[in-house]
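Enquirer: coordinates only, sequence not included:
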Ligand SMILES: O=c1ccn([C@@H]2O[C@H](COP(=O)(O)OP(=O)(O)O[C@H]3O[C@H](CO)[C@@H](O)[C@H](O)[C@H]3O)[C@@H](O)[C@H]2O)c(=O)[nH]1
């Protein structure tokens, strides 16, 4: 039986965070969520995504508008709640921006993690699930990529922050056996909760393929720019391992269960489907399930993009007992449902029933 936990979810109002909160609540865990709204909709009064997560699950979430860079604030939250485990999503993640503002990325992602780990240690909380990325592998030396593939040859600052944090976690777990940490390397998260109530609504510019494609389908952008048609792939376009965000969410609940029942110190798992899908293939499926036509414009390769990447997710299957359930069709259908039900994303100003700063 999984043990029920009080889980602090940093970046809980964000795309992956909010979907993970739904799964945690449905599994019976208590959630304390924090977000600074750097890339999620919300304000002092709370988060529309989390309010909807409460509606979906019929459960309450405690929410704080808080920043992992503010150590004193994080201390207070730990003083107030008996946190068993932290799932750490809060990070900046725009590759282009990270190249222009490296210090911002190092400060936010590395210092944020350091603060969190120090506060955790001061409160005897040693369990963490960390949101890492397949970006730590750089250009693959072989496919599918296993967790033992070399890491570190990364061409962007964002990716290096994930890699440096993984190295930091290795040192930490080697130095102090109390830590019990899982780092999850995500492949390409897409889709939305099947209810259409929560989904991806970045406050920054859309740069990822599926959200951009949906903007084109909605008529908000004129054309989808395809970056490169001369890759060494079956149709010449880039290949990725797209994974439904609800599958990603269930991977976190599985990781939490493993940490509850085993002292593993530090483990790394790939979360992907194991299937490579090209840009053209994804566009075709999206057009089919949404009954839309996406105008395409082929341009040069995007700087820093890799050719192809997909996961070997055998380890997560064997050790976390986790498998993906959603097809590429469902990823597109669910994303489109979210987009058509919420063409402008979340309401930008809304009262929330979420318990904010510990008060209803
Ligand atoms: O307008 C677009 C956007 C993307 N692509 C292509 O679509 C594929 C997927 O691109 P995107 O959705 O931007 O994802 P990635 O570049 O694979 O980056 C994701 O996956 C990385 C791990 O590999 C993470 O580090 C990033 O945070 C995450 O955004 C790539 O072949 C891109 O060249 C286009 O052709 N046109």
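Expert: Happy to help now that I have it. The model shown is predicted, which means the values in this text are computed figures rather than measured ones.

Enquirer: Which residues does the strand or helix carrying residue 51 contact?
Expert: In this structure, residue 51 is located in helix 48-57 according to DSSP states H and E. The list of residues contacting helix 48-57 from outside it, by CB atoms under 8 Å, 6 or more residues apart in numbering, reads 12-14, 18, 21-22, 25-26, 33, 40-42, 60-61, 63, 193, 195, 197-198, 201, 346-347, 350, 352-354. Every residue, glycine included, has its C-beta placed from N, CA and C.

Enquirer: so which of those residues also contact the ligand?
Expert: Within the set of the contacts of helix 48-57, contact with the ligand (CB under 6 Å from any ligand atom) is found for no member.

Enquirer: ChimeraX command to pick out the buried ones of the residues you listed?
Expert: Remark: buried members of the contacts of helix 48-57, expressed as a ChimeraX selection using 16 or more other CB atoms under 10 Å:
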select :12,13,14,18,21,22,25,26,33,40,41,42,61,63,193,197,198,201,346,352,354
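
Enquirer: Out of the contacts of helix 48-57, which sit inside strands?
Expert: Among those, DSSP state E puts 33, 63 in strands.

Enquirer: and residue 191, what does it touch?
Expert: If you count contacts by CB under 8 Å, 6+ apart, residue 191 has them with 210, 244-246, 326, 330-332, 334-335.

Enquirer: cool, and residue 337?
Expert: Contacts were defined as CB under 8 Å, 6+ apart; by that measure residue 337 touches 192, 194, 196.

Enquirer: The ligand: which of those is nearest?
Expert: Nearest to the ligand out of the contacts of residue 337 is residue 192 (CB to the nearest ligand atom; 14.9 Å).

Enquirer: show me the contacts for the closest one.
Expert: Shown in contact with residue 192 (CB under 8 Å, 6+ apart): 19, 198-200, 245, 334-335, 337-339.

Enquirer: mind listing which of the contacts of residue 191 are in strands?
Expert: Checking these against DSSP E, those in strands are residue 244.

Enquirer: from the contacts of residue 191, which are also near the ligand?
Expert: Checking the contacts of residue 191 against the ligand (CB under 6 Å from any ligand atom), there are no matches.

Enquirer: Can you add neighbour count and pLDDT and give the contacts of residue 191 back as JSON lines?
Expert: As requested, the contacts of residue 191 are exported to JSON lines (neighbours: other CB atoms under 10 Å; pLDDT from 0 to 100):
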{"residue": "210", "neighbour count": "23", "pLDDT": "96"}
{"residue": "244", "neighbour count": "26", "pLDDT": "98"}
{"residue": "245", "neighbour count": "26", "pLDDT": "98"}
{"residue": "246", "neighbour count": "23", "pLDDT": "98"}
{"residue": "326", "neighbour count": "21", "pLDDT": "98"}
{"residue": "330", "neighbour count": "17", "pLDDT": "98"}
{"residue": "331", "neighbour count": "28", "pLDDT": "98"}
{"residue": "332", "neighbour count": "27", "pLDDT": "98"}
{"residue": "334", "neighbour count": "23", "pLDDT": "98"}
{"residue": "335", "neighbour count": "26", "pLDDT": "97"}
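
Enquirer: Among the contacts of residue 191, pick out the one closest to the ligand, please.
Expert: The nearest member of the contacts of residue 191 to the ligand, counting by CB to the nearest ligand atom, is residue 210 at 6.6 Å.

Enquirer: What is the burial count for whichever residue of the chain sits closest to the ligand?
Expert: When distances are taken as CB to the nearest ligand atom, the chain approaches the ligand most closely through residue 238, which lies 2.4 Å from it. The number of residues packed around residue 238, counting by other CB atoms under 10 Å, is 25.

Enquirer: Over to the one 5 residues further on?
Expert: Residues lying near residue 243 (other CB under 10 Å) number 27.

Enquirer: Hmm, residue 188 and it touching each other?
Expert: Yes - under the criterion of CB atoms under 8 Å, residue 243 lies in contact with residue 188, with a separation of 6.5 Å.

Enquirer: Alright, calling it a day.
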